[in-house]
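>>> Model the following, please.
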Amino acid sequence: MVEPVGKVKLIKNNRSRHMRLRVNPNGQAQVTMPVFTSEKNAIQFIKSKSDWIHQQQKKIKAGLTVFTSDTSFQTKFHKLKIVVTNQNKLTNHIGNGILQINIPAKFDIQQADIQQFIRNIIIKLLHHEAKIYLPKRLAELAKLHNFSFQKVFVKHVKSRWGSCSSVNNINLNIHLMRLPDHLIDYVLLHELTHTKIKNHSKLFWAELERIYPGSKAFNKELKKYQVDLF
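Numbering: from 1, shown residues only. Purely as a prediction, here's the structure:
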């Protein structure tokens, strides 16, 4: 037990040249260290990283995915495939509906920098998909339901799925590409309805329900997803 981070796992490894820290899926901090490193030094190292450890523990508690070769994850157009290889570098390839990330066997896939590498690749892919799909789908729904808007912007933001400005510019989050189709359409129609009704009054919800029946249920379902947490 190491205060203030709780239980810690220390592992000595003949191949390790430096101490490496990670937080396991159960929230426990783990340090892999050279055989000559003392437990005292390892504990000091852990305490110096306590803020980072707490951040990771909060993410795990909130449901953040820890990516491994067994992880099931997909965007609207691609499935994630993580492959452990004998190569020396982290690489990735996109094609035929697959996002393949190659992790060298010598690396610990749960190490913080490896997890961040995977997330960064996924975010780039989400941005690419969103720029192609969302503006086109927004225009289709606008035409179908007789809405008009000014400009559409596709962004990576952490707080909202979408928004509509006072001059009817519509902002859409790249993370919409993680949602099922009916919820993507719900968000797009929600923002299009705001081009006519700038609030969440009864009139707004009635209009949204008229053009997209089941909207209140979709709104409730959407709350099961977190915008920038996956």
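>>> And stretch 157-165, how far out from the chain middle?
15 Å (C-alpha atoms, centre = their mean, to the nearest Å).
>>> Now that stretch: average pLDDT?
What stretch 157-165 shows for mean pLDDT is 91.
>>> and that stretch, which residues are buried?
161, 162, 163, 164, 165 (16 or more other C-beta atoms under 10 Å). Any C-beta I mention is one placed from the backbone N, CA and C, and that applies to glycine too.
>>> go on, stretch 75-83?
75, 76, 78, 80, 82.
>>> got it, and stretch 178-193?
178-179, 183-193.
>>> possible to save those as TSV with distance to residue 132, pLDDT and secondary structure?
Shown next, in TSV, are the buried residues of stretch 178-193 (distance: C-beta to C-beta, whole Å; pLDDT from 0 to 100; DSSP: H, G, I helix; E, B strand; the rest coil):
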residue	distance to residue 132	pLDDT	secondary structure
178	15	95	helix
179	16	96	coil
183	18	98	helix
184	13	98	helix
185	16	98	helix
186	20	98	helix
187	17	98	helix
188	15	98	helix
189	20	98	helix
190	21	98	helix
191	18	98	helix
192	19	98	helix
193	24	98	helix
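>>> how about low-confidence regions in the protein?
1-5, 25-26, 59-63 (pLDDT under 70).
>>> Spell out the secondary structure type for the residue lying farthest from the centre of the chain.
The centre of the chain is farthest from one residue, residue 36, which by C-alpha atoms, centre = their mean lies 38.3 Å away. Using DSSP: H, G, I helix; E, B strand; the rest coil, the structure places residue 36 in coil.
>>> Could you pull up the residues touching it?
If a contact means C-beta atoms under 8 Å, 6 or more residues apart in numbering, then residue 36 has no contacts.
>>> Next, work out how far apart it and residue 16 are.
Applying C-beta to C-beta, to the nearest Å, the value for residue 36 to residue 16 is 10 Å.
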